[in-house]
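Engineer: Quick one: sequence plus predicted model below, questions after.
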Amino acid sequence: MPPSIDTLTLTRPDDWHLHVRDGEALNTVVPHTAAQFGRAVIMPNLKPPVTTAAQALAYRSRIAAAVPRGMSFEPLMTLYLTDNLPPAEIARAKDAGVVALKLYPAGATTNSDAGVTNLRKTYRTLEAMQRAGLLLLVHGEVTSPDIDLFDREAVFIDQQLIPLRRDFPELKIVFEHITTREAAQYVESAGAFTAATITAHHLLYNRNAIFLGGVRPHFYCLPVLKRELHRQALVSAAISGAPQFFLGTDSAPHPAHLKEHASGCAGCYTAHAAMELYAQAFDAAGALDKLEGFASFFGADFYGLPRNSGQITLRRETWTPPASFAFGAAELKPLASGEALQWRLQN
Ligand code: DOR
Ligand code: ZN
């Protein structure tokens, strides 16, 4: 591929980690994702969380109803793992087309109160998942207040992930939204049953973005942005062509007034320009030729699903997305609101 290509046509990509919320919010965010991606793995951290196959099916219908006419988009559903999720639910989930369960350590992030307090309590359910071929998606941070916020991912690998990996050697695990060199190194060496998603914001920004010229809450997410050396390690992993690294935006919409708040919510909204942001990151690394594997092939392969057949085209063009979107009665401000982007999706 020539070094300064201006048009990029890719197999239609998928988003392997997405928050769309519920109710009115769906009408804002689902069209953004459906315009770019063929499928997305939908996170189950609603209030209350999605913990049964029946709830997942009902949620899938509400999401499908928010897909604009003429667009084809498939939500891939997940359940929220709790201390008490019965192993018998796994067979029902499999029958309903649920693809994975999400592990939130209790208290780690937005709506994680119902999360897992001790992994041992979930072992019978994990065994059922391993047998049924359902994936485990992991929010990989310890929650202990004694551990520095910036170290929580690296500590999670040693304390939780390595023992889990040993106890369930054939459970497919996705280490979600990795943010550190340690996580990238771990996943690289963890074998064929372990993969990781990487967000666009963790490829584009380091932790300085949160504090540049004052506290900037729209750059606050969990796991929090890290130092530059970690950003560089994530870019290297994403452009390496190694199939265990693939796209997951973790686009996580919150009403602007709850982010611009004394105790602001964690989450960056990127679905409005997801592929544009990834293209910018891969372009900056001189690796646009590696974007298609990362965005369109490796996730589907790991999940054991067919690759998409359609295509999308991105063109090099300077444009500025809207600074905010209507979000029910509130406002939704995307990441880098008001800043120009260098790539644009063609429709
Ligand atoms: O920043 C985040 N936002 N991290 C998460 O883990 C959850 C997400 C959300 O749901 O808002
Ligand atoms: Zn998430």
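Structural biologist: Cool, got the structure. Ligands and ions are numbered 1, 2, ... in the order given.

Engineer: got a list of what K172 touches?
Structural biologist: Applying Cβ atoms under 8 Å, 6 or more residues apart in numbering to K172 gives the contacts G133, L135, L136, F193, T194, A195, F302, Y303. C-beta coordinates here come from the backbone N, C-alpha and C atoms, glycine included.

Engineer: mind listing the strands for the stretch 51-200 of the chain?
Structural biologist: Taking DSSP state E, counting those that start in this stretch as the test, the strands found in the stretch 51-200 of the chain are 74-80, 100-103, 135-138, 173-175, 194-198.

Engineer: Compile these into a markdown table and extend it with columns for mean pLDDT.
Structural biologist: Shown next, in a markdown table, are those (pLDDT from 0 to 100):
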| stretch | mean pLDDT |
| --- | --- |
| strand 74-80 | 98 |
| strand 100-103 | 98 |
| strand 135-138 | 98 |
| strand 173-175 | 98 |
| strand 194-198 | 99 |
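
Engineer: Would you mind measuring from P68 to ligand 1?
Structural biologist: Computed as Cβ to the nearest ligand atom, to the nearest Å, the P68 to ligand 1 distance reads 24 Å.

Engineer: Leaving out the residues flanking it, which one is nearest to that residue?
Structural biologist: P31 (5.1 Å; Cβ to Cβ, 6 or more residues apart in numbering).

Engineer: and H202, what does it touch?
Structural biologist: H177, I178, T179, L225, K226, R231, L234.

Engineer: ok, of those residues, which one's closest to ligand 1?
Structural biologist: The closest of these to ligand 1 turns out to be H177 (Cβ to the nearest ligand atom; 7.1 Å).

Engineer: Distance-wise, check the closest one relative to G304.
Structural biologist: 21 Å (Cβ to Cβ, to the nearest Å).

Engineer: out of these two, which sits in the more crowded spot?
Structural biologist: Taking neighbours as other Cβ atoms under 10 Å, H177 and G304 compare with H177 leading, 27 against 10.

Engineer: Now do the contacts for the more buried one.
Structural biologist: Taking Cβ under 8 Å, 6+ apart, one finds H17, H139, T197, I198, T199, H202, P223, G248, D250 in contact with H177.

Engineer: What is the nearest of these to ligand 1?
Structural biologist: H139 (5.4 Å).

Engineer: Find the nearest non-adjacent residue to that closest one, please.
Structural biologist: Y104 (4.9 Å).

Engineer: How about P105?
Structural biologist: T143 (5.0 Å).

Engineer: pLDDT wise, what is that neighbour at?
Structural biologist: We note a pLDDT of 92 for T143 in this prediction.

Engineer: Please identify which of the strands of the stretch 51-200 of the chain is closest to ligand 1.
Structural biologist: The nearest among those, by Cβ to the nearest ligand atom, is strand 100-103 at 9.5 Å.

Engineer: Would you tell me whether the closest one gets close to ligand 1?
Structural biologist: No - applying Cβ under 6 Å from any ligand atom, one finds strand 100-103 separated from ligand 1 by no less than 9.5 Å.

Engineer: Partner strands of that strand and their direction?
Structural biologist: Here strand 100-103 has these sheet partners by DSSP bridges: strand 74-80 (parallel), strand 135-138 (parallel).

Engineer: Pick the most deeply packed of those strands.
Structural biologist: strand 135-138 (a mean of 24; mean count of other Cβ atoms under 10 Å).

Engineer: Now do it: everything it contacts.
Structural biologist: 17, 41, 78, 81, 99-103, 126, 129, 161, 168, 171-176, 303.

Engineer: What number of residues are in the vicinity of the nearest residue to H230 once chain neighbours are set aside?
Structural biologist: Nearest residue to H230, sequence neighbours excluded (Cβ to Cβ, 6+ apart): T180, at 4.8 Å. Residues lying near T180 (other Cβ under 10 Å) number 25.

Engineer: Report pLDDT for T180.
Structural biologist: Model confidence at T180 (pLDDT) stands at 98.

Engineer: Verify the stated contact: it with A154.
Structural biologist: Yes - contact criterion Cβ atoms under 8 Å: T180 and A154 qualify, at 5.6 Å.

Engineer: Show me where the stretch 201-347 of the chain has its helices.
Structural biologist: Listed in chain order, the helices of the stretch 201-347 of the chain (DSSP state H, counting those that start in this stretch) span 208-211, 228-238, 256-259, 274-284, 291-292, 298-303.

Engineer: Contacts only, for Q280.
Structural biologist: A200, L204, L341, Q342, W343.

Engineer: Now do it against F294, distance only.
Structural biologist: Q280 sits 14 Å away from F294, going by Cβ to Cβ.

Engineer: T78 too?
Structural biologist: Counting by Cβ to Cβ, the gap from T78 to F294 is 21 Å.

Engineer: okay, the angle between the longest strand anywhere in the chain and helix 274-284?
Structural biologist: Longest strand in the chain by number of residues (criterion: DSSP state E): strand 311-319. On the basis of axes from the mean of the first three to the mean of the last three Cα atoms, to 10 degrees, strand 311-319 is oriented at 70 degrees to helix 274-284.

Engineer: now strand 311-319: mean pLDDT?
Structural biologist: Mean predicted lDDT for strand 311-319 stands at 98.

Engineer: Get me the contact residues on this protein for ligand 1.
Structural biologist: Close to ligand 1, as judged by Cβ under 6 Å from any ligand atom, the chain has residues H19, N45, T109, T110, H139, C221, L222, A252, A266, G267.
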